[in-house]
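>>> Okay, sequence plus prediction incoming.
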Amino acid sequence: MTRIKAKKAAAKNPHIGSSLDDFLKEDGIYDEVVALAAKKKIARQLKARMDRNDMSISGMAKELQTSRNQVHRILDPQDHNITLATLERAAAAVGCKVKLELVKS
């Protein structure tokens, strides 16, 4: 539902509250949640590519010249200490590139 439709619906129905984005912003966790969602998406895509390429955790570690623990950290959406350079190397290992873009908030 777009923001305009949501506001119109809220005006008509007093039981409809704010959007999820508004709720997360009020709680001060919007940026953290968006970052976690992006990390989950990238981790899921990397794992899918690894599966498609029949690449194991050990195989990815060998390709990246790192430990299996580091590969587990790359694939763990809760780990916030993975750098963009590491993600780019992992993506290259499965034949992909990381694409970032700025969008108006």
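Yes, it's here. Everything numeric in this text was worked out from a predicted model, so none of it was measured.
>>> which other helices and strands contact the host helix or strand of residue 40?
For residue 40, the host element (DSSP states H and E) is helix 30-52. If contacts are counted by 3 or more Cβ pairs under 8 Å, 6 or more residues apart in numbering; DSSP states H and E, helix 30-52 sits against helix 20-27, helix 57-64, helix 68-75, helix 84-93. Yep, even glycine has a C-beta here, placed from its N, CA and C like the rest.
>>> 7 Å instead, please
In terms of contacts (3 or more Cβ pairs under 7 Å, 6 or more residues apart in numbering; DSSP states H and E), helix 30-52 is packed against helix 20-27, helix 68-75, helix 84-93.
>>> Give the full set of residues in contact with residue 61.
Shown in contact with residue 61 (Cβ atoms under 7 Å, 6 or more residues apart in numbering): 67, 68, 70, 71.
>>> Over to residue 27?
Not one residue lies near residue 27 by Cβ under 7 Å, 6+ apart.
>>> Let me know the distance separating it from residue 56.
Noted for residue 27: a distance of 39 Å to residue 56, by Cβ to Cβ, to the nearest Å.
>>> Grab the most central residue of this protein for me.
When Cα atoms, centre = their mean is applied to the chain, the residue found nearest the centroid is residue 38 (1.7 Å).
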